[in-house]
Every structure is written in C-alpha cells, then in structure tokens.
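Q: sharing a model prediction with you, sequence too.
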Amino acid sequence: GCAGCPQPVSPHLDALAAEGVHAINHYAANPICTPSRVSMASGLYCHNHGYYALNGPTPAFPSYFHHFRHHGWRTAAIGKLHLPDNPRHWLEGACDLVADTMRGPDGRRASSPWHDHLRRHGLNERDDHNHLREAAGHGHHWDARPSTMPLEHCVEAWIADTGIRFLEGLGADQPF
C-alpha cells in the first residue's frame, strides 16, 4: 500500500514506511549475494573489499557490527548471513549473537543455530532452505515447490523468534 498499489492491505508495513525510510530505487553492489552482504556489512564497494564470489577468506576489515560494538552497543546478526569463510569468524567478536541460517559457504561444512533447531524438532530432512536438488518425482528444484515445513518452524518464524528473544534479553538502557 505505501508504494501506491491499491491491492495490498498492509497497515503495519505502511506505518513502518511512514515512520522510517521508504526507499524507492535500490541498487545492489553486486548481483551475487555474498559480495552484496559484505558490502552492506562493511560499507565498501566490491572493488574495495575484493569479494566477488560466494566464498573467500575472513575479511581483514571491520563491519558496522564491529563499529557499534566498539561504541558500547549490543549487536546481533540473525538470518541468512552467508559471508566469506564461515560467517561466524568475521562477525563473532563483533556480535553478542550470531544466529546464521547457513551451514557454511558451501552449505555443508558447519552446523548453524537454524539447523540445530531443525534437528531438535526432528525436521532436518524437511529443510528446504538450502537445497537445490531435484525433488523426487516432481521434476523441479526444491526452491520452486511449496514448503513442507510447518509454519511455526519455517526459517522466517525462527528468525523472528530469535530476534525477539535477543531483544527481550536486553536491559531497558542498553542500545542495540
């Protein structure tokens, strides 16, 4: 609604757009997700930070998480971080909480808090978040079919719940 389309009924998003920043034109630093994430977290263009692919060594420069943490803010990185090396290496010292949904740059090397959650609930085999393999008998990739994950355990619900728990653990006077 806030963008001018009459069909969506989105009072909460409309209010958020009215109270915050409503960007109309967006540009990505790189069409590949990991270099764009490095750019977003560091404030550097790809030609300055040197990441152009899905993997690389741990960055030798700080992120905005490092900056805010250095100045006394509580910081959390929650969601699909998928940064160079193993995401926890770059942001680990800069965040009170690093809750990544990616196992590692290749999708297999490490565990993640998201995958630990799935294992605890017996849902690891129903994870359609990282799989690009063919669905048996369907003839299309897993990312092009309806999810079989229960809604209360989907990745978006896990990210929201993790963020809420982080915020609830903050003191009233702690900037984040």
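A: Nice, thanks for sending it over. Numbers count the residues shown, from 1 in each chain.

Q: dump the longest helix seen in the chain to CSV, keeping only the CA atoms.
A: What stands out as the longest helix in the chain, according to DSSP state H, is helix 155-168. Extracted C-alpha coordinates of helix 155-168, given in CSV (Å, rounded to 0.1, in the frame of the first residue of the first chain):
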residue,chain,number,x,y,z
VAL,A,155,13.1,-20.1,8.7
GLU,A,156,11.2,-16.8,8.8
ALA,A,157,9.5,-17.7,12.1
TRP,A,158,12.8,-18.9,13.5
ILE,A,159,14.5,-15.6,12.6
ALA,A,160,11.7,-13.6,14.2
ASP,A,161,11.6,-15.7,17.4
THR,A,162,15.4,-15.4,17.7
GLY,A,163,15.3,-11.7,17.2
ILE,A,164,12.5,-11.3,19.8
ARG,A,165,14.5,-13.4,22.3
PHE,A,166,17.6,-11.2,21.8
LEU,A,167,15.6,-8.0,22.3
GLU,A,168,13.8,-9.4,25.4
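
Q: helices or strands up against that helix?
A: For helix 155-168, the elements it packs on are strand 76-79, strand 97-100, helix 113-120, judged by 3 or more C-beta pairs under 8 Å, 6 or more residues apart in numbering; DSSP states H and E. C-beta: built from backbone N, CA, C; applies to glycine.

Q: now do the longest one, average pLDDT.
A: Just to be clear, that refers to helix 113-120. Helix 113-120 shows a mean pLDDT of 88.

Q: just stretch 169-176 next, same as before
A: 84.

Q: how about residues contacting it?
A: 72-76, 166-167 (C-beta atoms under 8 Å, 6 or more residues apart in numbering).

Q: go again with 6 Å.
A: 73-74 (C-beta atoms under 6 Å, 6 or more residues apart in numbering).

Q: end to end, how far does that stretch reach?
A: 11 Å (C-alpha to C-alpha, to the nearest Å).

Q: equivalent analysis for stretch 100-118, please.
A: Using C-alpha to C-alpha, one end of stretch 100-118 lies 13 Å from the other.
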